[in-house]
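Student: I would like the atomic coordinates for the input below:
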Amino acid sequence: MYGLARALLFRLSAERAHRMGMEALHRLGQQPGLSLRMRARTLSAVTYDAAVNVAGLRLAHPVALAAGLDKEAEAVDGLLALGFAAVEVGTLTPRPQPGNPTPRLFRIPEHRALINRMGFNNHGAANAAERLRVRTWHPAPVGVNIGKNKDTPLENAVDDYVACVDALAPHGDYVVVNASSPNTPGLRKLQEPEQLGALLRAVKARLTQVAPGKPLFLKIAPDLTPEAVDEVVDVARACGLDGLIATNTTLARPFEHPVAKEAGGLSGAPVREPSNAVIRRVYARSGGALPIIGVGGVFTAEDVYEKLRAGASAVQVYTGFIYEGPGMVRRLLEGLGPLLARDGFRSVREAIGADHRAQG
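Tutor: All right, here's what the predicted structure looks like:
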């Protein structure tokens, strides 16, 4: 069914197709009875112990939705109807901003990939906060991914992140500091140890004031060197962070294609292994003590399983969802059970970090 819909949607520009998809998901979320039935049907595919705990967040299974799809928190209920174990909205900034000029979103079907340079386009934190505030259906955690406005000087970035915490943290179940998007000039400099420490300490302090107990994550880039990953892990642990999200999009172009010349972050299948490498490094550096949500190149149950074994406690999808469609979560859950059974695991939790134990 989705094959035909995708063929039609892919005849449109990527951003127009995205808007149509978001509108459809928004309308679905306005039908509570249907949403409830659809979610129950997807979760019925779980015939094994799939529940995971990520930094105190209880997830029915390990497949969640990454930030970037629902930037405005306008389709949360529709997305939860599809069965996601959690939904992350954003990236959101304190003030509204249009993002970068169009076109800014490009498909590369031959490589199951996307390139985007959206630039944190959103209507501002207060707008999204109001959407989250009025929601009444809460079947799973909803996270808020926060960033700085493009015109905010880097030396004032902390103020923007703290403002986002004030507006959004009371209405989300967890908060994610996005310091790794390649589409806001200079943003990735915030991943450097000294600046990162100052940012995380300030955000953590404000979060403790306005929404005590809610987990704080940092989303990192796949382009960090192994040594830089170690530094980020050390800073995150020193600042009392609850976990890392690994990874954002990459600036690398591991293939030749006319669209590959476009500026922006590459996501999808080509990011699978770079993401896995960062997950392995984070898990090893922290000794498994820092929860990881793995993102990048998840299309199949095997991809989910690979990230779990590498050290992720859960995974997020984005590009794979664009290509695979609304039945993706059910297919992933159906496929994951046999993989766990094959290797003698009685639960998803037993598979987390298994590759590291095998090496030990």
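Student: contacts and neighbour counts: CA atoms only from here.
Tutor: Noted.
Student: got phi/psi on Phe106?
Tutor: Phe106 adopts backbone torsions of phi -140, psi 140, taken as degrees, to the nearest 10.
Student: let me fix that, I meant to ask about Gly353.
Tutor: Torsion angles, degrees, to the nearest 10, at Gly353: phi 80, psi 10.
Student: so it sits against Ala312, correct?
Tutor: Yes. Counting by C-alpha atoms under 8 Å, Gly353 touches Ala312, with 7.0 Å between them.
Student: higher neighbour count, the two?
Tutor: Ala312 (31 against 23; other C-alpha atoms under 10 Å).
Student: Glu15 against Leu105, yeah?
Tutor: Yes. Between Glu15 and Leu105 a contact is recorded at 6.2 Å, counting by C-alpha under 8 Å.
Student: just to revisit the earlier point, find residues that contact each of Gly353 and Ala312.
Tutor: Tyr283 (C-alpha atoms under 8 Å, 6 or more residues apart in numbering).
Student: which residues of the stretch 51-200 of the chain fall in strands?
Tutor: With strands called from DSSP state E, counting those that start in this stretch, the stretch 51-200 of the chain shows them at 52-54, 57-59, 63-65, 87-92, 105-108, 113-116, 142-146, 174-178.
Student: which residues sit against the fourth one?
Tutor: With C-alpha under 8 Å, 6+ apart as the contact definition, strand 87-92 has outside contacts at 64-73, 76, 79-80, 120, 122, 124-125, 128, 140-148, 164, 178.
Student: send the alpha carbons of stretch 326-337 over as PDB?
Tutor: What follows is stretch 326-337, C-alpha atoms only, in PDB (Å, rounded to 0.1, in the frame of the first residue of the first chain):
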ATOM      1  CA  PRO A 326       3.700   3.900   8.400                       C
ATOM      2  CA  GLY A 327       3.900   0.100   8.800                       C
ATOM      3  CA  MET A 328       7.600   0.300   9.600                       C
ATOM      4  CA  VAL A 329       7.400   0.000  13.400                       C
ATOM      5  CA  ARG A 330       5.300  -3.200  13.200                       C
ATOM      6  CA  ARG A 331       7.700  -4.700  10.700                       C
ATOM      7  CA  LEU A 332      10.700  -3.900  12.800                       C
ATOM      8  CA  LEU A 333       9.100  -5.400  15.900                       C
ATOM      9  CA  GLU A 334       8.000  -8.500  14.100                       C
ATOM     10  CA  GLY A 335      11.600  -9.000  12.800                       C
ATOM     11  CA  LEU A 336      13.300  -8.300  16.100                       C
ATOM     12  CA  GLY A 337      11.900 -11.200  18.000                       C
END
